[in-house]
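1. Predicted model and sequence follow; I will ask about them next.
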Amino acid sequence: GAGVSQSPSNKVTEKGKDVELRCDPISGHTALYWYRQSLGQGLEFLIYFQGNSAPDKSGLPSDRFSAERTGGSVSTLTIQRTQQEDSAVYLCASSSLGLAGVLYEQYFGPGTRLTVT
Amino acid sequence: DAKTTQPPSMDCAEGRAANLPCNHSTISGNEYVYWYRQIHSQGPQYIIHGLKNNETNEMASLIITEDRKSSTLILPHATLRDTAVYYCIVRANTGNQFYFGTGTSLTVIP
């Protein structure tokens, strides 16, 4: 079946511009996560959605970062006034939710490589 | 979530078993051990997970010590395509994120 998809695959933008990154999770997965990975580094958690609500936004690095999810499916991560330190691969993952709040393994998309010049 | 400790890098000959260790001495009773891998320029890929019993699937085997303070991921017949960074993660199943750490960079040598 279809996996997690992300678009665009690559994005080059000028410092100060806003960007939007899109994630389409696996159909039926109620949980959605955003991470970012700087060159040569591990994954950094950004935000978690359960349905359309975001109970954990603790990883968003600044108020320039925001995310929304509509219809319990597609999510958009927006970075306003981009800075060079925002350059990274932004990864989206989704998982299903079982009984008693059990979250199953996460399935990742291919990521969006963001370059801020 | 408990932290994990993994060697930064390992080599393995093609066709041999790759045994990747992970220490998680502060693991809690409700935390599972998950393994993911990340091949260059791709998103992480789920491999296997377990609580206290050993687990096996089509990709790998997971051996968890009786005290659950460490585990080993076994790739029984490593191929060149198994070259990747392998992440060991412990997480409660109601936890909402994975802490990936820096993982082990496995290089399979022809």
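-> Good, I have the coordinates.

2. pLDDT score assigned to the residue of chain A found nearest chain B?
-> With distances taken as C-beta to the nearest C-beta, chain A approaches chain B most closely at A:Phe108, which sits 3.4 Å away. Every C-beta, even on glycine, is put in place using the N, C-alpha and C of the backbone. We have a pLDDT of 94 for A:Phe108.

3. For it, give its distance to A:Thr82.
-> Taken as C-beta to C-beta, to the nearest Å, the spacing of A:Phe108 relative to A:Thr82 amounts to 23 Å.

4. Chain A against chain B: which residues are in contact?
-> Contact residues of chain A with respect to chain B, defined by C-beta under 8 Å from any C-beta of the partner chain, are listed as A:4, A:31, A:33, A:35, A:41-43, A:45, A:48, A:50, A:55-56, A:59, A:91, A:93, A:100-111.

5. hmm, which of these are the buried ones?
-> In the residues of chain A next to chain B, burial by neighbour count holds for A:4, A:31, A:33, A:35, A:43, A:45, A:48, A:50, A:56, A:59, A:91, A:93, A:103, A:105-111, counting by 16 or more other C-beta atoms under 10 Å in any protein chain shown.

6. neighbours around residue 37, how many?
-> All of this refers to chain A. The burial count assigned to A:Gln37 is 19, neighbours taken as other C-beta atoms under 10 Å in any protein chain shown.

7. Oops, wrong one, chain B.
-> By other C-beta under 10 Å, the residues close to B:Arg37 number 23.

8. Name all residues that make contact with it.
-> The contact partners of B:Arg37, taken as C-beta atoms under 8 Å, 6 or more residues apart in numbering or on different chains, are B:Pro44, B:Gln45, B:Ile47, B:Asp82, B:Ala84, B:Val85, B:Tyr86, B:Tyr87.

9. Please report the distance of the last one from A:Leu97.
-> Taken as C-beta to C-beta, the spacing of B:Tyr87 relative to A:Leu97 amounts to 22 Å.

10. swap in the fourth one?
-> With distances taken as C-beta to C-beta, B:Asp82 is found 31 Å from A:Leu97.

11. Can you pick out the residue with more neighbours from these two?
-> When neighbours are counted by other C-beta under 10 Å, B:Asp82 comes out ahead of the other of B:Asp82 and A:Leu97, with 19 against 16.

12. Next up, phi/psi of the more buried one, please.
-> Backbone dihedrals for B:Asp82, given as degrees, to the nearest 10, come out at phi -80, psi 0.

13. Confirm for me that it is in contact with B:Leu73.
-> No. Under the contact definition of C-beta atoms under 8 Å, B:Asp82 does not touch B:Leu73, with a separation of 10.9 Å.

14. Can you pull the residues that touch both of the two?
-> By C-beta under 8 Å, 6+ apart, B:Asp82 and B:Leu73 have these common neighbours: B:Ala18.

15. Excluding sequence neighbours, find me the nearest residue to B:Ile47.
-> Computed as C-beta to C-beta, 6 or more residues apart in numbering or on different chains, the closest residue to B:Ile47 that is not its neighbour in sequence is B:Trp35, at 4.3 Å.

16. What pLDDT is listed against that neighbour?
-> For B:Trp35, the model assigns a pLDDT of 94.

17. Likewise for A:Val102?
-> Checking the pLDDT column for A:Val102, the value is 65.

18. Under the pLDDT cut-off, which ranges of chain B? List them.
-> With pLDDT under 70 as the threshold, chain B has low-confidence stretches at B:1-2, B:93-97.

19. swap in chain A?
-> Using pLDDT under 70 as the threshold, the predicted model of chain A has low-confidence ranges A:1, A:98-103.
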